[in-house]
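# Compute the structure for the input listed below.
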Amino acid sequence: MHGITRKWLVAGAVALAGAAAAQAAHAAADVKVKVYGQVNRALLWADDGDESTTYFVDNSNSSTRFGIDAKASIEGGMTVGGKFEAEFQSSASTDVNQNEQKTDATMKERHMDVWLEGAFGKLSIGQGNTASNETSEVDLSGTAVIAYSDVKQFAGGLSFFNDDTESLEGSPKIKDVFSNLDGLSRDDRVRYDTPTFAGFTASASVVAQEAWDAALRYAGEFGGTKIAAAVAYADFGDQKPTVDGEVNGSASVLLPFGLSLTGAAGQQSLDDPSREDDPTFWYGKVAYAAKLLFAGSTTFGADYSVTNDMKKDGDEATTWAAFVVQRLDNYNTELYAGYRSHALDRAGVDYADVTGLMGGARIKF
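Numbers count the residues shown, from 1 in each chain. Prediction:
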């Protein structure tokens, strides 16, 4: 994206935000504020092939968080709003490991965002989702609280045990070798989303350090069958000088009788003279939701994923999982449990598989 275009987009965004703020000052009585959050705690038992440990964790698949949404209607049929959201975690399931059974509590920004929406679409400025964020994570199964395409959220901090040296020294962690290549994540950015046409929405954002991305999303329903999909391209600019770009996408189908199918894939193009192979990943999930209890639906599922060449040329990291989620509708609560196995195939090294069981509850308010 050319520098001149980038400057005009930022300047236009600032001007629109200023105008929106001025008009919103006259509509204070119409401001709607929503306070929300969730707590998601779990027990994680993990075995690295040498020893097993039990951890008390915050489930990073959908972390504990707190947020405030505010919006107001202004002249011209437009809406202006803001969003603040922070994540609070202690002993995150992506951080605990064989050397740290407990990790310090952390607070991390997720959203500090202002936006303006109207017939022209939606313009957002601040810390929030870039256009490409979550485009590898479209999932209609209702089981993302325990398993989705970002498989490293389950015990990602654990290292693989080297059977040759009988030690963990120098071994990669699960989160080093698995990735769902999900674009630019959340960042300080200017983002534009078009109005939705026939289920399609296009987005683009300009991010710090000369990074930018673009995405296309779709959501629709036909005869009770729900379909959702996304595809994106991301240029990391100076954020990752050794990465030329990244393309990724995902899709999910939920049939009327409860069966869902979900898939995701992506590839990163490297500009690194020390590397020959570009990292890739693919992910597949099948799930089935049934009304077995009056309290809410019960969903069973299984997934499988492969990430190649993420940390080192020739690496093949594979994982599979089986899981169940029980909804308690009257309490905004989900109970869940899952088993996952991570494996790493690296030339000249014999790593043991890392397996784990995680069970817990997510309560939304």
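# going forward, measure contacts and count neighbours with C-alpha atoms only.
Will do.
# Could you report the separation of residue 339 from residue 321?
5 Å (CA to CA, to the nearest Å).
# what's in contact with stretch 321-329?
Contacting residues not belonging to stretch 321-329 are listed as 142-143, 146-147, 295-304, 333-341 [CA atoms under 8 Å, 6 or more residues apart in numbering].
# From those, list just the buried residues.
For the contacts of stretch 321-329, a neighbour count by 16 or more other CA atoms under 10 Å gives the buried set as 142-143, 146-147, 296-304, 333-341.
# Look at residue 304 and report its pLDDT.
As predicted, residue 304 sits at a pLDDT of 98.
# For beta bridges, what are the partners of it?
residue 284, residue 320 (DSSP bridges).
# Please look at it and residue 317 and confirm they touch.
No: using CA atoms under 8 Å, residue 304 is not in contact with residue 317; the gap is 10.9 Å.
# All the helices of the chain, in order from the start?
In the chain, the helices defined using DSSP state H lie at 3-24, 174-177.
# residue contacts, residue 306?
178, 281-283, 316-319.
# what about residue 54, how many residues close to it?
Counted with other CA atoms under 10 Å, residues neighbouring residue 54 total 14.
# Contacts only, for the nearest residue to it once chain neighbours are set aside.
Leaving aside its chain neighbours, residue 54 sits nearest to residue 45 (4.3 Å; criterion: CA to CA, 6 or more residues apart in numbering). Going by CA under 8 Å, 6+ apart, residue 45 touches 52-55, 356-358.
# For the residue nearest to residue 310 when sequence neighbours are not counted, grab the count of nearby residues.
Counting by CA to CA, 6+ apart, residue 279 is the residue found nearest to residue 310 once chain neighbours are left out, at 4.9 Å. By other CA under 10 Å, 25 other residues sit near residue 279.
# Equivalent analysis for residue 75, please.
Neighbours of residue 75 (other CA under 10 Å): 11.
# shaky segments in the chain?
Flagging of the chain using pLDDT under 70 yields the residue ranges 1-29.
# Provide the strand pairings for the lengthiest strand in it, with the direction of each partner.
Secondary structure of the chain per DSSP state E: the longest strand is strand 32-47. Strand pairing for strand 32-47, determined by DSSP bridges: strand 52-58 (antiparallel), strand 65-74 (antiparallel), strand 354-364 (antiparallel).
# about what we covered before: quick one: which of the contacts of residue 306 has the most company?
Neighbour max across these (other CA under 10 Å) = residue 178, 29 neighbours.
# residue contacts, that one?
Residue 178 touches 150-152, 306-307, 310, 317, counting by CA under 8 Å, 6+ apart.
# mind running it again at 10 Å?
Under the criterion of CA atoms under 10 Å, 6 or more residues apart in numbering, the neighbours of residue 178 are 150-153, 156, 279-281, 305-311, 316-319, 342, 344.
# Got phi/psi on it?
Per-residue torsions, residue 178: phi -110, psi 140 (degrees, to the nearest 10).
# Ok, residue 172 next?
Main-chain torsions, residue 172, degrees, to the nearest 10: phi -70, psi 160.
# Does it touch residue 311 like I think?
Yes: using CA atoms under 10 Å, residue 172 makes contact with residue 311 at a distance of 8.5 Å.
# about what we covered before: just name the most buried of the strands paired with strand 32-47.
strand 354-364 (a mean of 21; mean count of other CA atoms under 10 Å).
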